[in-house]
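*Asks:* here are the coordinates; sequence isn't available:
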């Protein structure tokens, strides 16, 4: 599998560069979650990072790569919305 060194911004991994596995399209995953075990043996704390563009070139506007930014609210849970689905009933 191919990996890419990706920088992290914000949160507990601020300033670190970690190798992240790339998917079949050559991009890292949209979300990167880091579970941190609790010192007292309780449930682990999960820190979520969202993939954002690192920047763009001046001349052609090409993307320079990816950066993970800390998402304090956690991961966004999205549902699929099919065009043939009915809207939810309001009773």
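*Replies:* Right, received. Where do you want to start? Since the model is a prediction, treat every value here as computed from it, not as a measurement.
*Asks:* drop to CA atoms for contacts and neighbour counts, all remaining ones
*Replies:* Noted.
*Asks:* all strands for this protein, in order.
*Replies:* With DSSP state E as the criterion, the chain has strands at 3-9, 17-21, 31-36, 45-53, 66-70.
*Asks:* low-scoring stretches of this structure, by residue?
*Replies:* Within the chain, the set of residues satisfying pLDDT under 70 comprises 91.
*Asks:* which residues does the one residue sitting closest to the centre of the chain bridge with?
*Replies:* Nearest to the geometric centre of the chain sits residue 31, at 2.2 Å (Cα atoms, centre = their mean). On the basis of DSSP bridges, residue 31 is bridged to residue 50.
*Asks:* on that earlier part again, which stretch among the strands of the chain comes nearest residue 88?
*Replies:* Of all the strands of the chain, strand 31-36 sits nearest to residue 88, with 28.1 Å by Cα to Cα.
*Asks:* how about the closest one: buried residues?
*Replies:* If you call a residue buried by 16 or more other Cα atoms under 10 Å, then strand 31-36 has these buried ones: 31, 32.
*Asks:* ok, and what's touching that strand?
*Replies:* Contacts of strand 31-36 with the rest of the structure, by Cα atoms under 8 Å, 6 or more residues apart in numbering, involve 44, 45, 46, 47, 48, 49, 50, 51, 68, 75.
*Asks:* now, which of the residues you listed sits nearest residue 22?
*Replies:* residue 51 (12.3 Å).
*Asks:* Name all residues that make contact with that closest one.
*Replies:* Residue 51 is in contact with 28, 29, 30, 31, 32, 66, 67, 68, 69, counting by Cα under 8 Å, 6+ apart.
*Asks:* what residues are up against the nearest residue to it once chain neighbours are set aside?
*Replies:* Excluding the flanking residues, the one nearest residue 51 by Cα to Cα, 6 or more residues apart in numbering is residue 68, at 4.5 Å. Applying Cα under 8 Å, 6+ apart, one finds that residue 68 lies in contact with 6, 7, 8, 9, 32, 49, 50, 51, 52.
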